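# My questions are about this predicted structure, shown below with the sequence.
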Amino acid sequence: MDIKMIKTEEDYQKALKRLEVIFDTPIDSPEGDEAEILSILIEKYEDENYPIGPPDPIEAIKFRMEQMDMNKSDLADIIGYKSRVTEILSRKRKLTLQMIRKLHDKLNIPYETLIADY
(Lines give C-alpha, C1' and ligand atoms only; values in the text may rest on other atoms or scores of the structure.)
Protein backbone atom coordinates (compact mmCIF):
# COMPACT_ATOMS: atom_id res chain seq x y z
CA MET A 1 0.00 0.00 0.00
CA ASP A 2 1.65 3.19 -1.25
CA ILE A 3 -0.73 6.01 -0.34
CA LYS A 4 0.07 9.70 -0.55
CA MET A 5 -1.89 12.94 -0.41
CA ILE A 6 -3.80 13.88 -3.54
CA LYS A 7 -2.45 17.26 -4.64
CA THR A 8 -2.95 17.36 -8.41
CA GLU A 9 -5.52 16.29 -10.96
CA GLU A 10 -3.12 13.55 -12.05
CA ASP A 11 -2.91 12.24 -8.46
CA TYR A 12 -6.69 12.38 -8.30
CA GLN A 13 -7.16 10.36 -11.49
CA LYS A 14 -4.65 7.74 -10.32
CA ALA A 15 -6.43 7.44 -6.99
CA LEU A 16 -9.79 6.98 -8.74
CA LYS A 17 -8.38 4.25 -10.98
CA ARG A 18 -6.80 2.45 -8.02
CA LEU A 19 -10.01 2.69 -6.01
CA GLU A 20 -11.94 1.21 -8.92
CA VAL A 21 -9.60 -1.81 -8.89
CA ILE A 22 -9.81 -2.46 -5.14
CA PHE A 23 -13.36 -1.25 -4.45
CA ASP A 24 -14.96 -4.67 -3.93
CA THR A 25 -12.21 -6.18 -1.79
CA PRO A 26 -13.10 -7.48 1.68
CA ILE A 27 -13.19 -4.81 4.39
CA ASP A 28 -10.85 -6.74 6.69
CA SER A 29 -8.08 -6.97 4.10
CA PRO A 30 -5.12 -4.68 3.40
CA GLU A 31 -6.80 -3.66 0.12
CA GLY A 32 -10.00 -2.90 2.05
CA ASP A 33 -8.03 -0.57 4.34
CA GLU A 34 -6.42 1.03 1.30
CA ALA A 35 -9.82 1.54 -0.33
CA GLU A 36 -11.14 3.24 2.80
CA ILE A 37 -8.14 5.57 3.05
CA LEU A 38 -8.27 6.37 -0.68
CA SER A 39 -11.99 7.18 -0.35
CA ILE A 40 -11.25 9.68 2.38
CA LEU A 41 -8.44 11.31 0.39
CA ILE A 42 -10.56 11.46 -2.77
CA GLU A 43 -13.45 13.01 -0.88
CA LYS A 44 -11.14 15.64 0.62
CA TYR A 45 -9.71 16.51 -2.80
CA GLU A 46 -13.20 16.74 -4.34
CA ASP A 47 -14.49 18.94 -1.52
CA GLU A 48 -11.59 21.34 -2.03
CA ASN A 49 -11.53 21.34 -5.84
CA TYR A 50 -15.10 20.58 -6.91
CA PRO A 51 -17.33 22.21 -4.29
CA ILE A 52 -21.05 21.77 -4.69
CA GLY A 53 -23.08 24.82 -3.81
CA PRO A 54 -26.36 24.70 -1.97
CA PRO A 55 -29.33 23.60 -4.05
CA ASP A 56 -31.71 26.10 -5.54
CA PRO A 57 -34.98 26.19 -3.51
CA ILE A 58 -37.22 25.55 -6.51
CA GLU A 59 -35.05 22.68 -7.77
CA ALA A 60 -35.07 21.22 -4.24
CA ILE A 61 -38.88 21.33 -4.19
CA LYS A 62 -39.10 19.70 -7.63
CA PHE A 63 -36.60 17.03 -6.60
CA ARG A 64 -38.52 16.22 -3.41
CA MET A 65 -41.79 16.13 -5.36
CA GLU A 66 -40.24 13.61 -7.73
CA GLN A 67 -38.91 11.53 -4.84
CA MET A 68 -42.31 11.48 -3.18
CA ASP A 69 -44.18 10.94 -6.47
CA MET A 70 -46.10 14.17 -5.98
CA ASN A 71 -47.83 16.34 -8.57
CA LYS A 72 -48.80 20.02 -8.52
CA SER A 73 -52.14 19.23 -6.90
CA ASP A 74 -50.35 17.48 -4.02
CA LEU A 75 -48.11 20.50 -3.57
CA ALA A 76 -51.14 22.80 -3.72
CA ASP A 77 -52.52 20.92 -0.71
CA ILE A 78 -49.42 22.03 1.19
CA ILE A 79 -48.86 25.63 0.08
CA GLY A 80 -52.14 26.76 -1.44
CA TYR A 81 -53.77 27.13 -4.80
CA LYS A 82 -52.61 25.18 -7.84
CA SER A 83 -52.10 28.45 -9.73
CA ARG A 84 -49.80 29.62 -6.94
CA VAL A 85 -47.81 26.38 -7.21
CA THR A 86 -47.41 26.99 -10.96
CA GLU A 87 -46.20 30.54 -10.32
CA ILE A 88 -43.70 29.36 -7.72
CA LEU A 89 -42.34 26.50 -9.81
CA SER A 90 -41.98 28.84 -12.80
CA ARG A 91 -40.24 31.39 -10.53
CA LYS A 92 -42.85 34.11 -11.05
CA ARG A 93 -43.70 34.19 -7.34
CA LYS A 94 -41.34 33.97 -4.36
CA LEU A 95 -41.87 31.62 -1.45
CA THR A 96 -43.43 33.23 1.60
CA LEU A 97 -42.36 32.49 5.16
CA GLN A 98 -45.55 30.50 5.71
CA MET A 99 -44.87 28.43 2.58
CA ILE A 100 -41.29 27.79 3.68
CA ARG A 101 -42.48 26.53 7.05
CA LYS A 102 -45.05 24.21 5.47
CA LEU A 103 -42.58 22.88 2.90
CA HIS A 104 -40.07 22.20 5.66
CA ASP A 105 -42.64 20.42 7.81
CA LYS A 106 -44.31 18.37 5.07
CA LEU A 107 -41.43 17.68 2.66
CA ASN A 108 -38.50 17.79 5.11
CA ILE A 109 -36.58 20.28 2.97
CA PRO A 110 -34.04 22.13 5.15
CA TYR A 111 -34.83 25.75 5.96
CA GLU A 112 -31.36 26.75 4.70
CA THR A 113 -32.27 25.45 1.26
CA LEU A 114 -35.70 27.06 1.14
CA ILE A 115 -34.52 30.54 2.18
CA ALA A 116 -31.65 30.70 -0.32
CA ASP A 117 -31.78 33.28 -3.10
CA TYR A 118 -33.02 32.13 -6.47
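Nice, I can see it. Please read all numbers here as calculations on a predicted model, not as lab measurements. Numbering: from 1, shown residues only.

# quick one: contacts of whichever helix in the chain runs longest?
In the chain, taking DSSP state H as the definition, the longest helix is helix 30-49. Outside helix 30-49, the residues that touch it by Cβ atoms under 8 Å, 6 or more residues apart in numbering are 1, 3, 5-6, 11-12, 15-16, 18-19, 22-23, 25-27. Any C-beta I mention is one placed from the backbone N, CA and C, and that applies to glycine too.

# what about 6 Å?
Contacts with helix 30-49, where a contact means Cβ atoms under 6 Å, 6 or more residues apart in numbering, come from 1, 3, 6, 12, 15, 19, 22, 23, 25, 26.

# count of residues packed around the residue nearest to residue 71 when sequence neighbours are not counted?
If the residues on either side of it in the chain are set aside, residue 71 comes closest to residue 65, at 7.5 Å by Cβ to Cβ, 6 or more residues apart in numbering. Taking other Cβ atoms under 10 Å as the criterion, the count of residues near residue 65 is 17.

# any idea which helix or strand carries residue 65?
Taking DSSP states H and E as the definition, one finds residue 65 inside helix 57-67.

# List the contacts of the next helix or strand after that helix.
Tracing the chain past helix 57-67, the next element assigned as helix or strand by DSSP H and E is helix 72-79. Applying Cβ under 6 Å, 6+ apart, the contact partners of helix 72-79 are 82, 85, 99, 102, 106.

# Repeat that for stretch 103-111.
Contacts made with stretch 103-111 from outside it, assessed by Cβ under 6 Å, 6+ apart, are listed as 60, 64, 78, 114.

# Now the closest residue to the first one other than its chain neighbours: which helix or strand?
Setting aside the residues directly before and after it, residue 60 is nearest to residue 113 in space (Cβ to Cβ, 6+ apart), at 4.8 Å. Residue 113 is part of helix 111-114, with elements assigned from DSSP H and E.
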